[in-house]
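Asker: Provide a 3D model corresponding to the input given below.
(2 chains)
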Amino acid sequence: MSNPTRCAACRYLRRRCCEDCALAPYFPSANPHRFACVHRIFGASNVARMLQQIPVEQRRQAADAIAMEAYWRVQDPVYGSVGVISMLQREISVAQCELAETQAQITMYASQAQSQPNQIAAAQCLVEDVHLVPSQPSQPPFPGLYQRDDIPQETLQRHF
Amino acid sequence: MEGNSPCASCKLLRRRCTKDCIFAPYFPSDDPHKFSIVHKIFGASNVSKMLQELPVHQRADAVSSLVYEATARTKDPVYGCVGAISYLQNQVSQLQMQLTVAQTEILCAQMQQVPAMAEQQIEAYDNNLTGMPQLMNNASSSSLAQDQLKREFLWT
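Answerer: Model prediction:
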């Protein structure tokens, strides 16, 4: 018995959508773009096989994750979701440097409040050291990725 | 390649490895596992299409990222790379929160020190009759005028 409203997968593949269609729960007809990305990157049969190998209660999260990876790969055919990872690692490095600098300034202010010249000089050296020797960023998977600035933050949000 | 050992992909797919095989430069025969996981997750034909759409100088990086994603998905069949991305997003949020707290602490510390600094500044103004007033009147002057504006703000 076929599903009167075909899911996005069966509509894309131009086939009859059965009631027990493995992809129908995760690729509704209202969002055809989602399945188009997934099929382009992973292939319908691969996705169906991957979902079959996962417990039923986790298949929705898996389908969502697969759809996100496919979307990122369509947006960035070279690096895909790895580009997103590198961008986040870069953001973490920058935030860590800023935090270290800010904490050094707090130490300096705390020393000034106590009016102890030796501590002020030491704290000022600490602030200067933070400027001169920023913390080393964690290594990205690929060195060339570290320079990417063209992946917008909104790609991290769900688009489907 | 003809006459040579087939690449890992042609060996797995059991086909003849031609000299213009698109996989051969990136999946050498001495590392069969690399192509195996990429094929398992993405499929050889999909990978071939993706590589064909890319300029040659970007294909090596593309293959590396595909291998990375395929490995992540093999280790975590539910979330794959998205698990790592969620974790990193969480770290970014936490660091930004810590930074906000630290910056607030600095503002508080600055406000506490304003009375002492104001006394020193008044003494400095009395001693220096040439530079300061001109800088304060100059709209394009940067740090000194801004510092003065900040101190006035903190007073109110």
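
Asker: quick one: least confident helix or strand in chain B?
Answerer: helix B:143-155 (a mean of 39; mean pLDDT, DSSP states H and E).

Asker: What's the separation between the residue nearest to B:Tyr79 when sequence neighbours are not counted and A:Ile92?
Answerer: Among residues not flanking B:Tyr79 along the chain, A:Ala65 sits closest, at 4.9 Å (C-beta to C-beta, 6 or more residues apart in numbering or on different chains). Backbone N, C-alpha and C define where each C-beta goes, glycine included. Using C-beta to C-beta, to the nearest Å, A:Ala65 is found at 21 Å from A:Ile92.

Asker: again with A:Ile85
Answerer: Taking C-beta to C-beta as the measure, A:Ile85 falls 11 Å from A:Ile92.

Asker: where does chain A dip in pLDDT?
Answerer: Counting by pLDDT under 70, chain A has low-confidence residues at A:1-4, A:115-160.

Asker: Let me see the ranges of the strands in it.
Answerer: Read by DSSP state E, chain A holds no strands at all.

Asker: Scan it for its longest helix.
Answerer: Determined from DSSP state H, the single longest helix within chain A is helix A:81-114.

Asker: how about it against chain B, any contact?
Answerer: Yes. Judged by C-beta under 8 Å from any C-beta of the partner chain, helix A:81-114 comes into contact with chain B through A:81-85, A:88-89, A:91-92, A:95-96, A:98-99, A:102-103, A:105-106, A:109-110, A:112-113.

Asker: just checking, B:Pro32 touches B:Leu12?
Answerer: Yes. Contact criterion C-beta atoms under 8 Å: B:Pro32 and B:Leu12 qualify, at 6.6 Å.

Asker: on that earlier part again, which one of A:Ala65 and A:Ile92 is surrounded by more residues?
Answerer: Between A:Ala65 and A:Ile92, counting by other C-beta atoms under 10 Å in any protein chain shown, A:Ala65 is the more crowded of the two (23 against 18).

Asker: how far away is the more buried one from B:Gln52?
Answerer: A:Ala65 is 26 Å from B:Gln52, where distance means C-beta to C-beta.

Asker: Tell me what angle the longest helix along chain B forms with helix A:81-114.
Answerer: Criterion DSSP H: the longest helix present in chain B is helix B:81-127. Per axes from the mean of the first three to the mean of the last three C-alpha atoms, to 10 degrees, the angle that helix B:81-127 makes with helix A:81-114 is 30 degrees.

Asker: helices or strands up against helix B:81-127?
Answerer: helix A:59-75, helix A:81-114, helix B:56-75, helix B:143-155 (3 or more C-beta pairs under 8 Å, 6 or more residues apart in numbering or on different chains; DSSP states H and E).

Asker: doesn't A:Ile66 make contact with A:Val47?
Answerer: Yes. The criterion here is C-beta under 8 Å, and A:Val47 meets it with A:Ile66 at 6.1 Å.

Asker: Need the overlap of contacts for the two.
Answerer: By C-beta atoms under 8 Å, 6 or more residues apart in numbering or on different chains, A:Val47 and A:Ile66 have these common neighbours: A:Val38.

Asker: Check the burial of A:Glu91 by counting its neighbours.
Answerer: Neighbours of A:Glu91 under the rule other C-beta under 10 Å: 17.

Asker: do the same with A:Glu57
Answerer: A:Glu57 is flanked by 7 other residues according to other C-beta under 10 Å.

Asker: for it, what are its contacts?
Answerer: Contacts of A:Glu57 by C-beta under 8 Å, 6+ apart: none found.

Asker: What of B:Ala70?
Answerer: Residues counted as contacts of B:Ala70 (C-beta under 8 Å, 6+ apart) are B:37-38, B:40-42.

Asker: before we move on, the earlier item: of the helices and strands packed on helix B:81-127, which approaches B:Val82 most closely?
Answerer: Comparison of the helices and strands packed on helix B:81-127 against B:Val82 by C-beta to C-beta identifies helix A:59-75 as nearest, at 4.1 Å.

Asker: on contacts alone, who are the packing partners of the closest one?
Answerer: Helix A:59-75 packs on helix A:32-41, helix A:44-52, helix A:81-114, helix B:56-75, helix B:81-127, going by 3+ C-beta pairs under 8 Å, 6+ apart.

Asker: which residues are in contact with it?
Answerer: Taking C-beta under 8 Å, 6+ apart as the rule, helix A:59-75 contacts A:25-27, A:34, A:37-38, A:40-42, A:47, A:50-51, A:54, A:80-81, A:83-84, A:151, A:155, A:158-160, B:50, B:69, B:73, B:77-83.

Asker: Mind giving me the ChimeraX select for those, buried ones only?
Answerer: Only the buried entries of those go into this ChimeraX selection, using 16 or more other C-beta atoms under 10 Å in any protein chain shown:
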select /A:26,27,34,37,38,41,42,47,50,51,80,81,83,84,151,155,160 /B:50,69,73,77,78,79,80,81,82,83
